[in-house]
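A.B. asks: coordinates only, sequence not included:
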């Protein structure tokens, strides 16, 4: 199936998922992340979830990271379909953008080459670790700027599809994808 078809299908599935199910799934995903061998690093990049798009709530993961004294980095949309990255501290002011996604308004900017682990938003992923995002290319550009050994962890409400048929050379595959019921390793 093509990315656009997966995108349509999974957006519809999310739309029909209750907030209570998303809350429960988000906690399960956070608990599964505890079992990954990714806790020896320093800089962890995580998206701030959109309640409008019914994404996994990343606050439990952020709480885990902060409890383990990790440096938490969050994105902000910049011109030219790029992301900028800022340390999330007690002094970071967050404000929803036009899509309802909280973004840092101030703070210390972090170069992508310093980031050790990236938690990646997605709509769908396949058995080979390919992902379908929203189609803007933000994460493809960002992940290309990260170090080669940066760990990429997708977060999904749903299990893997068999195959995404229209992957591109610039697509960067995941190392893991965590769902409420399973951890996929690629």
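C.D. replies: Arrived safely, thanks for sending. If you're wondering where the values come from, they're calculated on a predicted model, not measured in any experiment.

A.B. asks: Pull up the distance across stretch 105-120, start to finish.
C.D. replies: 21 Å (CA to CA, to the nearest Å).

A.B. asks: One more: stretch 74-82?
C.D. replies: With CA to CA as the measure, what separates the two termini of stretch 74-82 is 13 Å.

A.B. asks: Tell me the confidence at the most far-flung residue of the chain relative to its centre?
C.D. replies: Here the centre of the chain is the reference, and by CA atoms, centre = their mean the most remote residue is residue 91, at 22.8 Å. Looking at residue 91, its pLDDT reads 93.

A.B. asks: thought it was touching residue 104?
C.D. replies: No: Residue 91 is not in contact with residue 104 according to CB atoms under 8 Å; the separation is 10.2 Å. Where you see a C-beta, it was placed from the backbone N, CA and C, and this is true even at glycine.

A.B. asks: Am I right that residue 20 falls within a helix?
C.D. replies: Yes: counting by DSSP: H, G, I helix; E, B strand; the rest coil, residue 20 is found in a helix.

A.B. asks: how close does it sit to residue 27?
C.D. replies: Distance of residue 20 to residue 27, given as CB to CB, to the nearest Å: 11 Å.

A.B. asks: Equivalent analysis for residue 185, please.
C.D. replies: Separation of residue 185 from residue 27 (CB to CB): 21 Å.

A.B. asks: and if you look at residue 13?
C.D. replies: From residue 13 over to residue 27 the distance is 19 Å, taken as CB to CB.

A.B. asks: Tell me what the most centrally placed residue in the chain is bridged to.
C.D. replies: Of all residues in the chain, the one closest to the mean position by CA atoms, centre = their mean is residue 120, 2.3 Å from it. Counting by DSSP bridges, residue 120 forms beta bridges with residue 154.

A.B. asks: All further residue positions should be reported with the first residue as 373.
C.D. replies: Got it, the first residue is 373 from now on, which makes the last one we talked about residue 492.
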